[in-house]
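Asks: sequence? don't have it. structure:
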């Protein structure tokens with residue numbers, strides 16, 4: 001337990017003990033937000049503390065076996081088994097001690113935006129939406145459409161959805177699994193609008209933001225400009241006779257959010273504030289941790305074909321993630337929400353990079 005990544009164990013064990021005492025205090029639970037945050041951190045540290053105790057016990061057993069081996073050679077085989085167990089526990093702890101993304105336990109707001117490719121791109125945006133909704137369903141998450149700009153053929157020029165875990169446990173953090181989805185997604189297929197049977201390439205952009213709570217992002221009402229206008233539907237026609245759509249501009253940062261999905265101006269305003277808080281939270285995180293900004297380089301900047309993070313080839317039933325070299329030939333299953341393999345590959349690559357950084361003393365965990 002002397003190498004660098006494991007050096008943080010004593011402090012974490014002490015923190016776990018403090019949290020346990022705090023959570024036993026009834027007064028703490030009068031503040032539900034604080035109690036929830038303490039509970040999340042306690043649950044996060046629990047496996048680390050348990051593994052540390054196992055490591056201490058295995059190390060003590062090995063020392064005892066070494067002493068006994070001087071008198072009884074049969075204990076030599078026990079030493080070999082304990083050496084292997086200690087190495088395994090040390091490896092697990094090194095990985096567990098890599099600095100975590102502080103937003104891992106958060107829910108997300110996801111925006112899917114059609115790019116180059118006209119109606120085909122909008123249809124692909126709809127395919128991506130269904131893929132993520134089905135993945136959310138498989139995970140037991142809840143999804144809520146915040147705003148949508150549908151097209152006449154059933155695609156989407158732009159759609160925003162909130163995706164949240166039902167039970168709120170850190171292990172079920174939506175951001176932890178969906179944060180790698182941000183970027184430009186490219187599709188290669190014969191569009192339904194193509195009469196000659198030619199394969200087209202188009203793209204749609206995905207932006208994923210951790211959802212922030214009001215207590216985490218304080219917004220001064222004087223910093224907002226709120227405009228109202230009439231909602232529009234497919235083809236741009238008006239779908240409402242009242243000014244129910246809302247555009248919120250955060251003046252200090254120039255961040256603009258528009259919402260028109262609901263019939264009520266109040267509902268659109270509430271949805272817009274949720275998205276605004278998420279964007280301001282992401283901006284704040286980026287300014288505090290530049291490594292977070294580096295990790296988000298794959299997020300949507302301009303939705304064109306040159307910044308792709310993933311390609312969906314319908315002719316070959318192939319999905320390719322270009323960041324980690326992942327390739328599989330089960331595109332039909334992926335589009336039905338089976339994203340575990342590709343997300344697992346991205347998570348593993350991120351963990352390995354962070355672990356290498358931690359062991360070199362330059363660690364920072366990307367988000």
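Replies: Thanks, I have it. Remember, it's a predicted structure, so these values are computed and weren't measured experimentally.

Asks: list the contacts of residue 113.
Replies: 125, 157-159, 204-207, 300, 303 (CB atoms under 8 Å, 6 or more residues apart in numbering). Quick note: C-beta positions are derived from backbone N, CA and C, even for glycine.

Asks: so which of these wins on neighbours?
Replies: Greatest neighbour count in the contacts of residue 113, by other CB atoms under 10 Å, goes to residue 204: 31 neighbours.

Asks: doesn't residue 316 belong to a strand?
Replies: No. Counting by DSSP: H, G, I helix; E, B strand; the rest coil, residue 316 is located in no strand; its state is coil.

Asks: so where's the stretch 101-250 of the chain shaky on pLDDT?
Replies: Across the stretch 101-250 of the chain, the ranges flagged by pLDDT under 70 are 167-172, 214-216, 232-242.

Asks: tell me where it has helices.
Replies: Along the stretch 101-250 of the chain, the segments classed as helices by DSSP state H, counting those that start in this stretch run 118-139, 174-178.

Asks: how far off centre is the first one?
Replies: For helix 118-139, the distance between its averaged C-alpha position and the chain's averaged C-alpha position is 17 Å (CA atoms, centre = their mean, to the nearest Å).

Asks: equivalent analysis for stretch 324-335, please.
Replies: The answer for stretch 324-335 is 19 Å, by CA atoms, centre = their mean.

Asks: got the contact list for that stretch?
Replies: Applying CB under 8 Å, 6+ apart, the set of residues contacting stretch 324-335 from outside is 127, 130-131, 312-314, 316-321, 338, 341-342, 345-346, 349.

Asks: straight-line length of that stretch, end to end?
Replies: One end of stretch 324-335 to the other measures 19 Å (CA to CA, to the nearest Å).

Asks: domain ranges for the chain?
Replies: Structurally, the chain divides into domains by automatic domain parsing as follows: 4-96, 108-360.

Asks: winner for burial among those domains?
Replies: Most buried of the domains of the chain by mean neighbour count (mean count of other CB atoms under 10 Å) is domain 108-360; its value is a mean of 17.

Asks: which residues in this structure form strands?
Replies: With DSSP state E as the criterion, the chain has strands at 108-114, 142-150, 156-164, 183-189, 200-210, 224-229, 245-250, 255-259, 308-313, 318-321, 326-328.

Asks: save those strands as CSV, and put in distance to residue 10 too.
Replies: What follows is the strands of the chain, written out as CSV (distance: least, CB to CB, whole Å):
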stretch, distance to residue 10
strand 108-114, 34
strand 142-150, 39
strand 156-164, 35
strand 183-189, 40
strand 200-210, 30
strand 224-229, 47
strand 245-250, 43
strand 255-259, 42
strand 308-313, 40
strand 318-321, 39
strand 326-328, 38
